[in-house]
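[1] Sequence and predicted model, in that order:
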Amino acid sequence: RKEVEQDPGPFNVPEGATVAFNCTYSNSASQSFFWYRQDCRKEPKLLMSVYSSGNEDGRFTAQLNRASQYISLLIRDSKLSDSATYLCVVRDYGGATNKLIFGTGTLLAVQP
Amino acid sequence: DTGVSQDPRHKITKRGQNVTFRCDPISEHNRLYWYRQTLGQGPEFLTYFQNEAQLEKSRLLSDRFSAERPKGSFSTLEIQRTEQGDSAMYLCASSLVTGETQYFGPGTRLLVL
């Protein structure tokens, strides 16, 4: 079983739609969680950290359920520019290296 | 540009050749990471430096791979006797010791023929 699992998609949605991505992680000791965005043939860029209380940044809302080991990302009012791969990321629980463990990514295509 | 930089951006080589990639982290960042990303997958951790010390290596890093960060600034990743399975994007990231956010460079895309 992979440490971080995501539905690879693709998710094809019209502009203005609301879309949700889910992710599960296997290590219950994990402490830090992120969503990164990766455009085609580019490097990953931090979209937002994910906190237990849930957090919002404009049209983006991230949620964490520690009991279920489940992370979600909600995008409201999708824009064409949101088209990208969204990577669910967990920080290695060991702490010393701070290395990141990535899911395979979920591809989002927003259609005009 | 004060972000992470990598050189070269693209490399095509023949199987069996050696290649070396360079990463320049953000200047005040003590931590430096190498990841590898193959098509359809997320990045996978290869190795990590804190200043000049290499503190962890993944099992993905075979004996043909070696990484250095001699002065605690830039880092190099060398692959000896390349194989077709080494074809991937090699990403470098850096962070502060006290911070969690890792900032990625643009990557070096390697194609082994």
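    Received it, and whenever you're ready, just let me know what you need.
[2] When you work out contacts or count neighbours from here on, use the C-alpha atoms and nothing else.
    OK.
[3] and the gap between the spatially closest residue to residue B:36 that is not a sequence neighbour and residue B:106?
    Distance criterion C-alpha to C-alpha, 6 or more residues apart in numbering or on different chains; nearest residue to residue B:36, sequence neighbours excluded, is residue B:90 at 4.6 Å. For residue B:90, the distance to residue B:106 (C-alpha to C-alpha, to the nearest Å) stands at 9 Å.
[4] okay, now the residue nearest to residue B:36: neighbour count?
    26 (other C-alpha atoms under 10 Å in any protein chain shown).
[5] List the buried residues of the host helix or strand of it.
    Taking DSSP states H and E as the definition, one finds residue B:90 inside strand B:88-95. Residues of strand B:88-95 classed as buried: B:88, B:89, B:90, B:91, B:92, B:93, B:94, B:95 (neighbour count, 16 or more other C-alpha atoms under 10 Å in any protein chain shown).
[6] What strands flank that strand, and is each parallel or antiparallel?
    According to DSSP bridges, strand B:88-95 forms sheet pairs with strand B:31-37 (antiparallel), strand B:103-104 (antiparallel), strand B:108-112 (antiparallel).
[7] if we can go back for a sec, may I see the buried residues of strand B:88-95 organised as JSON lines, with distance to residue B:34 and pLDDT added?
    Listed next are these as JSON lines, based on distance: C-alpha to C-alpha, whole Å; pLDDT from 0 to 100:
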{"residue": "B:88", "distance to residue B:34": "12", "pLDDT": "97"}
{"residue": "B:89", "distance to residue B:34": "11", "pLDDT": "97"}
{"residue": "B:90", "distance to residue B:34": "7", "pLDDT": "98"}
{"residue": "B:91", "distance to residue B:34": "6", "pLDDT": "98"}
{"residue": "B:92", "distance to residue B:34": "5", "pLDDT": "98"}
{"residue": "B:93", "distance to residue B:34": "6", "pLDDT": "96"}
{"residue": "B:94", "distance to residue B:34": "9", "pLDDT": "95"}
{"residue": "B:95", "distance to residue B:34": "12", "pLDDT": "92"}
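[8] out of the residues you listed, who's nearest chain A?
    Closest to chain A out of those is residue B:91 (7.5 Å), distances taken as C-alpha to the nearest C-alpha.
[9] Just list whatever residues bridge to the closest one.
    residue B:35.
[10] What's the end-to-end length of stretch B:36-51?
    Criterion C-alpha to C-alpha; first-to-last residue distance in stretch B:36-51 is 21 Å.
[11] Residue A:2 and residue A:102, how far apart?
    Look at residue A:2 and residue A:102: by C-alpha to C-alpha, they are 10 Å apart.
[12] Of the two, which one has the most company?
    A direct count of neighbours by other C-alpha under 10 Å for residue A:2 and residue A:102 places residue A:102 higher, at 25 against 12.
[13] Hmm, that one is touching residue A:4, no?
    Yes: using C-alpha atoms under 8 Å, residue A:102 is in contact with residue A:4, at 6.4 Å.
[14] Give the residues shared as contacts by these two.
    A:88, A:89, A:90 (C-alpha atoms under 8 Å, 6 or more residues apart in numbering or on different chains).
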